[in-house]
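Asks: Sequence first, then the predicted structure, then my questions.
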Amino acid sequence: MTLEEFVFDLPLYQKIDEKNGYTDLIDKITSWNTKTSVDGYNPEKRCDSTFLIIQGIGDLREKSNGMYFSTHINHYDSILKETGVKTIILRCQRYGDKITIAVFHDFDNSIIMKVGQYPSVADIHIGQVKQYDKVLDKSILREFTKAIGLAANGVGIGSFVYLRRIFEKLVMDAYTEAVQDGKVDAEQFEKQRMDEKIMSLNGYLPSFIVENHEIYGILSKGIHQLTEEDCLAYFDCMRQSIELILDERLEQLAKKKKIEEVKKTLNSITSQIKK
């Protein structure tokens, strides 16, 4: 697990043990210091930035037998053998905003997990999707943020419910456009399975979605068959698949706006020349 994944993606209370990378994560955490930086999203300023660790595990002051002592690199061994909560703080190098993370370490059972974070992982991810408010209905955007919030708090199956609803809505939006253009027969479309519907909307959905129409099947299986852990493991890929549709919508909107601006300027230039 990278520092980026630990800070910006790992949900609270997700246990990292010997089965899923405990030793590797411990080695990395204890190597993070005040010279360690990470690229990520600043939810306060709603922009990408670089964060610098200003307090790592090795910078904390630990209490031992009633006395405080500074834990530098020579004391990493003693830190690793303690059970308790440690704090990691990162600061945005552009604006100074901070991310504070509380990390619980259970030495006896070889478990480490985040037990607190502000701004939360949900805040960070939800901030990233606010850009889609130009191409999504408010109700659908709320469902998207709910899906992200659930996943960020370790609820995988519930997050898939929302993602599937959003995916269905985006497919139906493409269908409406195709019907208006006379490219799809409504009666035939109604009888098709979802993968067939997606295939019939080639040209109205991103080619990635058409070529990987099994996405909907994965979302459906997540609701009915997959475990919470499976859904959480697959969430980012499913979310990014939906974002591909939204990214294309944003590009089309930006292109339309640019065309309108150029037309307006050309009309102005033409009028001036005629004068």
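Replies: Yep, it's here.
Asks: By mean pLDDT, flag the weakest helix or strand of this structure.
Replies: Least confident element among the helices and strands of the chain, by mean pLDDT, DSSP states H and E: strand 67-70 (a mean of 35).
Asks: Quick one: neighbours of N153, just the number.
Replies: 16 (other C-beta atoms under 10 Å). Just so you know, the C-beta spots here come from the backbone N, C-alpha and C atoms, and that holds for glycine as well.
Asks: could you list every residue that touches the closest residue to it other than its chain neighbours?
Replies: Distances taken as C-beta to C-beta, 6 or more residues apart in numbering place P11 nearest to N153, at 5.8 Å, with adjacent residues excluded. Counting by C-beta atoms under 8 Å, 6 or more residues apart in numbering, P11 makes contact with K114, V121, A151, A152, N153, G154, L232.
Asks: where's the closest residue to the second one other than its chain neighbours relative to E18, distance?
Replies: In space, V121 comes closest to A152 once its chain neighbours are excluded; the distance is 4.0 Å by C-beta to C-beta, 6+ apart. Here A152 is placed at a distance of 25 Å from E18 (C-beta to C-beta, to the nearest Å).
Asks: now do L141
Replies: Distance from L141 to E18, by C-beta to C-beta: 40 Å.
Asks: out of the two, which sits in the busier spot?
Replies: L141 (19 against 10).
Asks: burial count for Y41?
Replies: With other C-beta under 10 Å as criterion, Y41 counts 18.
Asks: now it, which residues is it bridged with?
Replies: Beta-bridge partners of Y41, counted by DSSP bridges, are D48.
Asks: Test my guess that it contacts Q128.
Replies: Yes. Y41 is within contact range of Q128, at 5.4 Å (criterion: C-beta atoms under 8 Å).
Asks: Report the contact partners of the spatially closest residue to N109 that is not a sequence neighbour.
Replies: In space, not counting the residues next to it along the chain, N109 is nearest to D17; the distance is 7.4 Å by C-beta to C-beta, 6+ apart. Residues in contact with D17 (C-beta under 8 Å, 6+ apart) are N109, S110, I111.
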